[in-house]
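In: My questions concern the predicted model and sequence given below.
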Amino acid sequence: MSAANGAKPSGARRFPVARAGFLACAFLIPGLIGTFATYSIPLPAIDEAAQASALEGLLSAPTPAALQARLTALPAKLDPDTYALIATSTQPLPARVAAAKANMRREVIAEARASAYRVRLMVITMTILGALFGIALLGPEKP
């Protein structure tokens with residue numbers, strides 16, 4: 001059969017679909033990992049900023065009524081154990097706020113470490129799955 005009849009010439013190379021798929025995966029999987037990682041990394045810092053703002057608001061309350069209103073709204077803005085340091089202590093308010101801030105920082109560091117661990121685990125898992133997927137796309141060697 002000749003090339004003019006629609007048949008492929010004997011010297012023509014076919015498009016390596018499996019290799020193209022592997023190459024696409026080699027770029028897509030790290031991109032997806034990075035995209036997902038950007039969502040989990042800043043969460044502890046955002047949480048810390050919101051809680052610190054609520055605690056600073058206690059110290060800057062202009063009147064006792066404003067302080068009471070801020071204390072009433074505090075449980076929704078703080079972690080339960082940080083709030084407990086404010087609500088149950090008999091120390092002066094600045095000392096309670098300082099203790100709550102120290103507790104909050106410890107929690108944020110723990111959350112950041114946990115988040116970093118999850119991202120590392122995700123990177124390792126996706127790398128292994130990407131390698132297995134690439135192996136599957138390449139398939140057995142053809143003679």
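Out: Yep, that arrived.

In: Point out the other helices and strands that the helix or strand of the chain with the lowest mean pLDDT packs with.
Out: Lowest by mean pLDDT, DSSP states H and E among the helices and strands of the chain is helix 17-40, with a mean of 74. In terms of contacts (3 or more C-beta pairs under 8 Å, 6 or more residues apart in numbering; DSSP states H and E), helix 17-40 is packed against helix 93-138. From N, CA and C alone the C-beta is placed, and that goes for glycine too.

In: Residue 66: how many residues sit nearby?
Out: Applying other C-beta atoms under 10 Å, we find 13 residues neighbouring residue 66.

In: how close does it sit to residue 101?
Out: Taking C-beta to C-beta, to the nearest Å as the measure, residue 66 falls 20 Å from residue 101.

In: How about residue 39?
Out: Here residue 39 is placed at a distance of 26 Å from residue 101 (C-beta to C-beta).

In: Looking at those two, which one has more neighbours?
Out: Neighbour count, other C-beta under 10 Å: between residue 39 and residue 101, residue 101 has more, with 17 against 9.

In: tell me the contacts of the more buried one?
Out: 52, 55 (C-beta atoms under 8 Å, 6 or more residues apart in numbering).

In: Next one: it from residue 68, what distance?
Out: According to C-beta to C-beta, residue 101 and residue 68 sit 21 Å apart.
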